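> quick one, fold the following:
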Amino acid sequence: MTTLNDLAGSRWAGQAELWLDRVGNAADLSDCTISVEGDAVRYTWAYEGKAHEGLLALRDGGADFSDSWHSPQAMAFAAVDASWALVDVMGTYPAPEGPPWGWRISLALRPTGELVLQMTNITPWGERGRAVRMVCTRA
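Okay, here's the model as predicted:
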């Protein structure tokens, strides 16, 4: 079984999907990259022609997540127990009104060799919705 340490120093390129459609049927597409480092996962993507970048700074028990579009201020995420993903963390973010929402990020290596970075929105009542998926092959 491949571990994140096995992928340290690797670079990946592919396509990102961003779902802003409330029902999750329409995605905005862009080119993306993922870089796996010993203690971090960095990625790039674009929205409406503007470049963005993100970082999962890994630490014991979780990661700190920041993204130039989603969350410029780093958010502390906790590791998800009993996950099969290479990285699987979850945290919350404040909603404009009402209770906080959840945000889950997982990094997985498909048996076919693609590296997938996926982000999921979680409503305060527990419903999960697609937010971001990056599917990349080794560059």
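> where along the protein do the strands fall?
Applying DSSP state E to the chain gives strands spanning 11-19, 27-36, 40-47, 50-59, 62-67, 71-79, 87-93, 101-109, 115-122, 128-138.
> okay if I get those strands as TSV plus mean pLDDT, distance to T3 and mean neighbour count?
Bear in mind the C-beta positions are built from the backbone N, C-alpha and C, glycine included. Formatted as TSV, these follow (pLDDT from 0 to 100; distance: least, C-beta to C-beta, whole Å; neighbours: other C-beta atoms under 10 Å):
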stretch	mean pLDDT	distance to T3	mean neighbour count
strand 11-19	97	16	19
strand 27-36	97	11	18
strand 40-47	98	13	19
strand 50-59	97	12	17
strand 62-67	97	16	20
strand 71-79	92	14	14
strand 87-93	96	10	19
strand 101-109	97	9	19
strand 115-122	97	13	19
strand 128-138	96	16	17
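> wait, what's in contact with A8?
A8 makes contact with V36, E37, G38, according to C-beta atoms under 8 Å, 6 or more residues apart in numbering.
> typo on my end, it should be N121
Shown in contact with N121 (C-beta under 8 Å, 6+ apart): W101, G102, W103, R128, G129, R130, A131.
> what's the closest of those residues to V116?
Closest to V116 out of these is R130 (12.4 Å), distances taken as C-beta to C-beta.
> any idea how far that closest one lies from A51?
Noted for R130: a distance of 22 Å to A51, by C-beta to C-beta, to the nearest Å.
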